[in-house]
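Q: what's the 3D shape of this:
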Amino acid sequence: MALSQHPPIERLRGRENYDSWKFAVQAYLEDLELWECVEPTTTEGVIAAVDPKKDKKCRAKVILLIDPLFSFNKQVVIVENI
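A: Next up is the predicted model:
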């Protein structure tokens, strides 16, 4: 099985690159149709349920784009908390 390619997004290192990282990750997740895991859509004030498979995939994609020195990401259950 071939390993998937990582996008050319610099890993999050902290405040110094957060703004550019956030912008790039949002575009990446939108392209993969996973952004709804971060910002679920709402209809008339009701938040749509997020598919658990998509949430797991989104979480993995985001964690791989964070510098391994951050230990907090091991505790994250859903992507919205990152």
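Q: what's around the closest residue to residue 28 other than its chain neighbours, how many residues?
A: Spatial nearest neighbour of residue 28, chain neighbours left out: residue 7 (5.1 Å); criterion: Cβ to Cβ, 6 or more residues apart in numbering. Where C-beta positions appear, they are placed from N, C-alpha and C, glycine not excepted. Residue 7: 15 surrounding residues under other Cβ atoms under 10 Å.
Q: And residue 62, by the same measure?
A: Neighbour count for residue 62, taken as other Cβ under 10 Å: 20.
Q: helix or strand for it, which one?
A: When elements are assigned from DSSP states H and E, residue 62 belongs to helix 52-63.
Q: same thing with residue 29?
A: helix 18-31.
Q: Which secondary structure elements does that helix sit against?
A: Judged by 3 or more Cβ pairs under 8 Å, 6 or more residues apart in numbering; DSSP states H and E, helix 18-31 is in contact with helix 52-63.
Q: Can you list the buried residues in the helix it packs on?
A: For helix 52-63, a neighbour-count test (16 or more other Cβ atoms under 10 Å) marks 55, 57, 58, 59, 61, 62 as buried.
Q: Just the C-alpha atoms of that helix, please, in PDB.
A: Output of helix 52-63 as PDB, limited to C-alpha atoms (Å, rounded to 0.1, in the frame of the first residue of the first chain):
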ATOM      1  CA  PRO A  52     -17.300   9.900  12.900                       C
ATOM      2  CA  LYS A  53     -15.200   8.400  10.000                       C
ATOM      3  CA  LYS A  54     -14.600  11.900   8.600                       C
ATOM      4  CA  ASP A  55     -13.800  13.300  12.000                       C
ATOM      5  CA  LYS A  56     -11.200  10.600  12.600                       C
ATOM      6  CA  LYS A  57      -9.600  11.300   9.200                       C
ATOM      7  CA  CYS A  58      -9.700  15.000   9.700                       C
ATOM      8  CA  ARG A  59      -8.100  14.700  13.200                       C
ATOM      9  CA  ALA A  60      -5.300  12.500  11.700                       C
ATOM     10  CA  LYS A  61      -4.600  15.000   8.900                       C
ATOM     11  CA  VAL A  62      -4.400  17.900  11.400                       C
ATOM     12  CA  ILE A  63      -2.200  16.100  13.900                       C
END
